[in-house]
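Visitor: Quick check, what structure comes out for this input:
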Amino acid sequence: MEFLAVLAGVVVVAASPLVPGLRPAAKKVVASGVAVVDKTKTVAAVAGEQWMDLVAEAKAERTAEAEARAAAVETIEITIPEE
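Guide: Numbers count the residues shown, from 1 in each chain. Modelled structure (predicted):
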């Protein structure tokens, strides 16, 4: 996405000597591209944090289940008849 914004900005800046008043439009295109990139980075960071939280919760639950299974010991009572 950042590449497309830069490419559009370069095209507009390159064409600006030929078309008067194109430079402000180029700045708007570049500024919009930068805003989109910043928002995308923020969304990706939040999603990454949520993913890591989910993984940590799953690991904790798995560990708790394993500890519960290890703690649950079956007791078998054997009765030996007396003679």
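Visitor: Would you mind pulling the contact partners of the helix or strand hosting F3?
Guide: Using DSSP states H and E, F3 sits within helix 2-15. Outside helix 2-15, the residues within contact range by CB atoms under 8 Å, 6 or more residues apart in numbering are L22, R23, A25, A26, V29, V30, S32, G33, V34, V36, V37. C-betas here are computed from N, CA, C, even on glycine.
Visitor: Helices of this structure, residue ranges please.
Guide: Using DSSP state H, the helices of the chain run over residues 2-15, 22-71.
Visitor: JSON lines please, covering those and showing mean neighbour count, distance to T79 and mean pLDDT.
Guide: Output for those, formatted as JSON lines (neighbours: other CB atoms under 10 Å; distance: least, CB to CB, whole Å; pLDDT from 0 to 100):
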{"stretch": "helix 2-15", "mean neighbour count": "14", "distance to T79": "77", "mean pLDDT": "73"}
{"stretch": "helix 22-71", "mean neighbour count": "11", "distance to T79": "26", "mean pLDDT": "90"}
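Visitor: how about JSON lines for the ones you listed, with distance to I80 added?
Guide: Shown next, in JSON lines, are these (distance: least, CB to CB, whole Å):
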{"stretch": "helix 2-15", "distance to I80": "79"}
{"stretch": "helix 22-71", "distance to I80": "28"}
